[in-house]
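**Q** Below are the sequence and a predicted model for it; my questions follow.
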Amino acid sequence: MNRSTTVLLCTALVTALAAGAAPAATAAPATADAHTAAATTDPFYRYDGGRPLSSYAPGDVLKKRTLDYHVLGIPTPVEAVQLLYRSTDAQGRPSANVTTVVRSHLGDGSRAVSYQSFYDSLDPEHGPSRAIAGDVSFGGVIANAESLVMAPLLLKGYDLIIPDTEGQNADFAAGPGYGTNTLDSIRAATRAAETGLRTDTRIGLFGYSGGAIATNWAAALAPAYAPEVNRQLVGFAEGGLLVAPAHNLRYVDGSLVWSGVIPMALIGVSRSYDIDLTPYMSAKGLKVLDELERASIVDALGRYPGLTWKDMAKPAYANPNSVPAFVDAVNKVNLGQAATPTVPGFIGQGDGGWLEGTFNSPRGVGTGDAVMVAGDVRALARQYCATGNKAVRYEQYDLLSHVGAMPYWAPRAMSWLDDRFAGEAAPSSCGRIPAGNSLEPETPTAAR
């Protein structure tokens, strides 16, 4: 085992133990065609070139730097190459984003895994690139601790591509933007000579929870948005997937632990699509949205036990579908309305949500892992099978919650990816996946 990889793994183990004791940048556009971004103290994240950002092709490298890979602020002997690159936001506007490439000393540049983090935050300072560069914060603890998940991939000889999937505005839960950021990250990684990656490097997509959002949207968008990247993909492996956000908001409504996801998703999606939800919010709702404006998931979990949509909305908008902007946004981020991936997929989903305080939903969406709806994920997998992708493997973990399913899913997903890189035929669950929910678009209703 190479010394630098060993150090990274050992440091990650220490980090994970430290994190276990705790509760569970922004590119400033130089031209008007770029998505407005939040401020950052690191100038690397700002696009300050003289050319309009729109004059660059998606995936073009704008800046690059090489630094030590950090874990909880501790530098390791592992080098990381960071790239500022041109991407596209959820509304199709030019944007700038950052990705990190870590070379495995056991690899040769022919195989790479695009690892999509589950950092889940409304603050761009909590992204994985910041953690790798040495930033330490409570909100960034997840991105630091994920080194423990990535180290085994390096030990297998895979180079890693680690995008800031939410972009430099931290548009939490806005899936289409996650997907384009991920695909353009791969483009950038293969265009920068310093990474050792090439346009013929075979690539696997890997992500759990928030990382699964990016993984699935990237796989779905790749054939049309980045066909050359799609040809490089060997498959996508994901777990704990968000499919139809409107269903998830009903599912976690009133949850003791996960209800804080409701305002986080409202902020992230409204930010991504320039939607003003304030006319529909009650005084309490406005207060909660203000408190979480730049919060991480670790700030929100358990912070608002029992919180419901009704608590946050004015009485006339007690039904979220009576808010036109909400209906429009959740339909745009519904994976059931996106294209079918053309590469093999491995999808794992927990269904033991009662372990984390979320029980059967009275609103018709069924059970899940406490935050993700199992019926939605089954429906998406069945939809892929029915629309031409027979290389879909679906696993449901009935006794595992969202947090508990991750350590069980991860080695199985890695093993599945190993087989795809080895050229083995992808197993299929098509024809054996139980029925799920309808993934049809939400229908607007009148305000009371």
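**A** Arrived safely. Numbering: from 1, shown residues only.

**Q** which other helices and strands contact the biggest strand by length in the chain?
**A** The single longest strand within the chain, with elements called by DSSP state E, is strand 74-88. Packing contacts for strand 74-88, counted by 3 or more C-beta pairs under 8 Å, 6 or more residues apart in numbering; DSSP states H and E, involve helix 3-20, strand 61-71, strand 94-102, helix 128-133, helix 175-191. C-betas here are computed from N, CA, C, even on glycine.

**Q** what mean pLDDT does it have?
**A** Averaged over strand 74-88, pLDDT sits at 96.

**Q** any weak-confidence spans in the stretch 251-400 of the chain?
**A** Residue ranges of the stretch 251-400 of the chain with pLDDT under 70: 360-363.

**Q** how about the strands of it, start to end?
**A** With DSSP state E, counting those that start in this stretch, the ranges of strands along the stretch 251-400 of the chain come out as 345-350, 392-397.

**Q** got a markdown table for the ones you listed, with distance to Ser255 and mean neighbour count too?
**A** Below are these laid out as a markdown table (distance: least, C-beta to C-beta, whole Å; neighbours: other C-beta atoms under 10 Å):
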| stretch | distance to Ser255 | mean neighbour count |
| --- | --- | --- |
| strand 345-350 | 15 | 28 |
| strand 392-397 | 19 | 21 |
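
**Q** With distance to Gly404 as new columns, can these be given to me in JSON lines?
**A** Formatted as JSON lines, the strands of the stretch 251-400 of the chain follow (distance: least, C-beta to C-beta, whole Å):
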{"stretch": "strand 345-350", "distance to Gly404": "7"}
{"stretch": "strand 392-397", "distance to Gly404": "8"}
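
**Q** Can you say which of these is nearest to Ala325?
**A** Set against Ala325 and scored by C-beta to C-beta, these come closest in strand 345-350, at 29.4 Å.

**Q** just checking, what packs against that closest one?
**A** Using 3+ C-beta pairs under 8 Å, 6+ apart, strand 345-350 sits against strand 233-239, helix 374-386, strand 392-397, helix 402-421.

**Q** could you dump the ones you listed to JSON lines with distance to Arg65?
**A** Listed next are those as JSON lines, based on distance: least, C-beta to C-beta, whole Å:
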{"stretch": "strand 233-239", "distance to Arg65": "27"}
{"stretch": "helix 374-386", "distance to Arg65": "38"}
{"stretch": "strand 392-397", "distance to Arg65": "38"}
{"stretch": "helix 402-421", "distance to Arg65": "29"}
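
**Q** Quick one: closest of the helices and strands packed on strand 74-88 to Asp159.
**A** Going by C-beta to C-beta, the one of the helices and strands packed on strand 74-88 nearest Asp159 is strand 94-102, 6.7 Å.

**Q** still on that earlier bit, format the helices and strands packed on strand 74-88 as TSV; extra columns: mean neighbour count and mean pLDDT.
**A** Listed next are the helices and strands packed on strand 74-88 as TSV, based on neighbours: other C-beta atoms under 10 Å; pLDDT from 0 to 100:
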stretch	mean neighbour count	mean pLDDT
helix 3-20	17	41
strand 61-71	19	97
strand 94-102	29	98
helix 128-133	26	97
helix 175-191	27	98
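
**Q** Highest mean neighbour count out of the helices and strands packed on strand 345-350?
**A** Highest mean neighbour count of these: strand 233-239, a mean of 26 (counted as mean count of other C-beta atoms under 10 Å).

**Q** Asp311 contacts Gly285, correct?
**A** Yes. Look at Asp311 against Gly285 with C-beta atoms under 8 Å: they come within range, at 7.1 Å.

**Q** Next, find the distance separating the closest residue to Thr88 other than its chain neighbours from Ser117.
**A** In space, and not counting its chain neighbours, Thr88 is closest to Thr180: 4.6 Å by C-beta to C-beta, 6 or more residues apart in numbering. Look at Thr180 and Ser117: by C-beta to C-beta, to the nearest Å, they are 16 Å apart.

**Q** Great, nothing more from me.
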